[in-house]
Structures are given as structure tokens and as C-alpha cells.
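Trainee: With the sequence up front, the predicted model follows.
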Amino acid sequence: MGGSWASGMNLYLTMAILGIAHRMHWLVLPGKADILANPVVLTFAIVLFLIEFVADKVPFVDSAWDTVHTFIRPFGGAALGYLAMSGAGPEWQIPVAILTGSIAMESHLTKATARVAINTSPEPFSNSVASVTEDASVVGIMYLIVKHPVLASLVAALLIILAVWFLKTMFRFLKNVLSGFKKEPQQNILTDKNGISG
């Protein structure tokens, strides 16, 4: 659950931390998820994380990046779940992949929606603050996965519950922003041929 949530926030950072943790023997990745420790995959994850680290702090570039990753982060979360359950057979792999992909999608939507709201602010610094906070939360949940996996699951469950409430609130906010808030009803003014309103 923790890894799925983190994948939705920052897939490449999650992949990099899990791969490094496996190589450093801090944890043993289950099933075929140990592919994340492969030097090629690890290098790929680190390079893309560095690109995202920069893109994620530029107003509107971050939202464009998030839009593209709407199709990547949930798939990545599902793939991690599928690989982790490779020893259990498809009867477990498929449901777990759906679950982990759904969790990743929820955290991704939370991040992307918050960024759209932040971009309505004229000052540019809130993007950097949000980006650093998101990366710190990923590192934090990864630390719990390595040191306290049960606590990591509980924290992830709490974050998922909070995300449901947050998304409902933010979607209402964005609906108002995109519709120009509530438009004032236009008054019908009748004007005669001489330009005198009646």
C-alpha cells in the first residue's frame, strides 16, 4: 500500500529508492520486483526523477507533466504490485495489480489536482514548496516501508482516506474556478428605437 501510494506521488523516486534499498540489503523486494535493483532500471529511474525534480517546480509545466503521467503513474503502481506477486500466480497478481494501480491513481489525482489549484496563485514559490513536500512524503513512506512496514501500511491507509476527502473538496473548488465562479444572471434590458431603455 505504501509503495503504491508513493508511486502515484512520484513513481521514479519510488522506483529508485526501492531499487537502492534492495541493492543495499535494507529490504528484499518480493517476487520479480527485484528488477528495480537492476543497474539499467535503477539508472533510468534516477535520470527521470532528476528531470521530474526540475519540471515539478515550474508553474504549469508541473501540471503538464502530471497530465502526461496520468497514464504512467497508475500503470507503474499496478506493475509494481504485479511483479511483487509473481510467485503467487495470476489469481493474486491481477487483483493486487488492480488494487495497487487504483491506490497510485488516487494519490496521483490528489497531487495533480492540488497542483492545478496551486497554479491559480500568482506567486511561483508555492510550486517548489509543494514539490519538496511531496518528495519528502515519498521518502518518509519509503523509510517506514524499510523500517516499520506495518506502520507504513497504516499511514498509507490514512493518506488514502484523507485523499478521498481532499479530492472531493478540490474538485468542487476547481469546478468553481473553471466555470469562472458563479456567473451573475444577466438582466434583460429592453431598448426602444430612440435608445431609451424601458
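Mentor: Perfect, thanks for sending it.
Trainee: Keeping just the C-alphas, turn the host helix or strand of Gly77 into CSV.
Mentor: For Gly77, the host element (DSSP states H and E) is helix 73-84. Taking C-alpha atoms only, helix 73-84 is exported to CSV below (Å, rounded to 0.1, in the frame of the first residue of the first chain):
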residue,chain,number,x,y,z
ARG,A,73,2.0,6.5,-12.5
PRO,A,74,-1.1,4.3,-12.0
PHE,A,75,0.3,1.8,-14.6
GLY,A,76,3.6,1.9,-12.7
GLY,A,77,1.9,1.3,-9.4
ALA,A,78,0.0,-1.7,-10.9
ALA,A,79,3.2,-3.1,-12.4
LEU,A,80,4.9,-3.0,-9.1
GLY,A,81,2.1,-4.9,-7.5
TYR,A,82,2.0,-7.4,-10.3
LEU,A,83,5.8,-8.0,-10.1
ALA,A,84,5.7,-8.3,-6.3
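Trainee: Distance from the chain centre to that helix, please.
Mentor: Remark: helix 73-84 is offset 14 Å from the chain centroid, using CA atoms, centre = their mean, to the nearest Å.
Trainee: Low-confidence stretches in this structure?
Mentor: For the chain, the stretches flagged by pLDDT under 70 are 122-124, 173-174, 177-178, 180-198.
Trainee: The most centrally placed residue in it is in what secondary structure piece?
Mentor: Of all residues in the chain, the one closest to the mean position by CA atoms, centre = their mean is His108, 2.3 Å from it. Counting by DSSP H and E, the element that carries His108 is helix 90-118.
Trainee: cool, Arg172 as well?
Mentor: Using DSSP H and E, Arg172 maps to helix 149-178.
Trainee: Buried residues, that helix. List them.
Mentor: For helix 149-178, burial by neighbour count (16 or more other CB atoms under 10 Å) applies to Ala152, Ser153, Val155, Ala156, Leu159, Ile160, Ala163, Phe166, Met170. Placement of C-beta: from N, CA and C, glycine included.
Trainee: now for it, which elements pack on it?
Mentor: On a contact count with 3 or more CB pairs under 8 Å, 6 or more residues apart in numbering; DSSP states H and E, helix 149-178 meets helix 2-9, helix 90-118, helix 125-147.
Trainee: how about the residue nearest to the centre of the chain, what does it touch?
Mentor: Neighbour list for His108: Gly8, Met9, Asp66, His69, Thr70, Arg73, Pro74 [criterion: CB atoms under 8 Å, 6 or more residues apart in numbering].
Trainee: Assign a three-state SS to Trp26, would you?
Mentor: Here Trp26 is recorded as coil under DSSP: H, G, I helix; E, B strand; the rest coil.
Trainee: Could you look up the SS state of His22?
Mentor: helix.
Trainee: any idea how far it lies from Val28?
Mentor: Separation of His22 from Val28 (CB to CB, to the nearest Å) stands at 7 Å.
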